[in-house]
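with the sequence up front, the predicted model follows.
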Amino acid sequence: MRIIFIGQAPFGRDCLQALLDQGEEIAGVLTVPDRPGQKGPNPVKELAVGSGLPLLQPARLKDPEVLTWVKNLRPDLLVLAFVTDIVPRAMIDMATCGGINYHPSLLPKYRGGSAMNWAIINGETETGVTIHQIDAGIDTGPIILQQKVAIDPDDTVKSLYFEKLYPLGVQMVAEAVRLIREGKASPVPQDETQASFQPVIKEADVRIDWRQNAQKIYNLIRGSNPNPGAWTTFRGEKLKIWEARPCQAQGDPGTIIEIPGEEGFVIATGEGAILARRVQYGSSPDKILAGQFITAAAIQPGEQVGI
């Protein structure tokens, strides 16, 4: 079965390696262009070149030269692993078995490019990995494999992805390819009555409303780590809160009500409070312990955030 692999980042590299280890026939590899000033090599490119695989790095998958390149390789299957561009229908139709995609949610819930963020922000206690066929929609094709994982109370997007959904996804991509090759895959259409779509998360979506309760704010902080970072304002500058925990305290929402030593500073919410533990302030690129920020900024109880 001739496979065109499309992916990027370390996750894409590890999925490609899993397919190679499984003995799959990789006819060609598509990955993103090298970026000026990028740190380190392009992981997928590095593996493809080292493995002697045909490689193309287009800016857009819909470009005519890309379609010609894929057509000439006579693919049976497209395998997508961390793809942020839309695969054109014409390319899908070139593969005799179509294409499959990795998605980090329990489809049909949480379609879209920020599924992990929104699941945590919305207080979900489980999510998972879905391997599905690709079609003209966004994350809408029939499901080949799906597996659940728990979202623990203190999981961030970073821990959820790297500790759970990343390794599971690598395994499931390889398993789905094997099932297709052996003629054992049984795709199941998604239930559109259960579908939800969330947009790619932006900084404007994660401004903290201190009138909400502590758990909702904590979920927002967890669901914005490592990107884009839940934020508020302090002394007229942006203050991002990267690490925190809810605590039992009361006060006017948005008021710094306690500074319990070096651990951080406590901000009152609409119900309960949040202990800020790691922050980023103003134009600084550094994420620092809240204790350092308390000292550097001479923070005092009674000061306000979010105004």
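Looks like it came in fine. Residues are numbered from 1 along each chain as shown.

list the buried residues of stretch 61-74.
61, 66, 67, 69, 70, 73 (16 or more other CB atoms under 10 Å). C-betas here are computed from N, CA, C, even on glycine.

and stretch 241-248, by the same measure?
241, 242, 243, 244, 245, 246, 247.

for the spatially closest residue to residue 253 that is not a sequence neighbour, give its distance to residue 304.
Closest residue in space to residue 253, ignoring its immediate chain neighbours: residue 210 at 4.1 Å, by CB to CB, 6 or more residues apart in numbering. Separation of residue 210 from residue 304 (CB to CB, to the nearest Å) stands at 9 Å.

the more surrounded of these two?
A count of neighbours by other CB atoms under 10 Å puts residue 210 above the other of residue 210 and residue 304, at 21 against 17.

thought residue 232 was touching that one, still the case?
Yes: with contact defined as CB atoms under 8 Å, residue 210 and residue 232 form a contacting pair (7.2 Å).

hey, what's in contact with both of these two?
Common neighbours of residue 210 and residue 232 (criterion: CB atoms under 8 Å, 6 or more residues apart in numbering): 254, 305, 306.

per-domain residue ranges of the chain.
If you go by automatic domain parsing, the domain ranges for the chain are 2-194, 203-297.

could those domains be laid out in a markdown table, adding mean pLDDT?
Shown next, in a markdown table, are the domains of the chain (pLDDT from 0 to 100):
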| stretch | mean pLDDT |
| --- | --- |
| domain 2-194 | 97 |
| domain 203-297 | 97 |
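
now do the shared contacts for residue 210 and residue 304.
Contacts common to residue 210 and residue 304, judged by CB under 8 Å, 6+ apart, are residue 254.

quick one: which of the buried residues of stretch 61-74 is nearest to residue 21?
The shortest approach to residue 21 among these belongs to residue 73, at 21.3 Å (CB to CB).

okay, and the beta partners of residue 129?
Beta-bridge pairing of residue 129 under DSSP bridges involves residue 147.

what's around it, how many residues?
Neighbours around residue 129, by other CB under 10 Å: 25.
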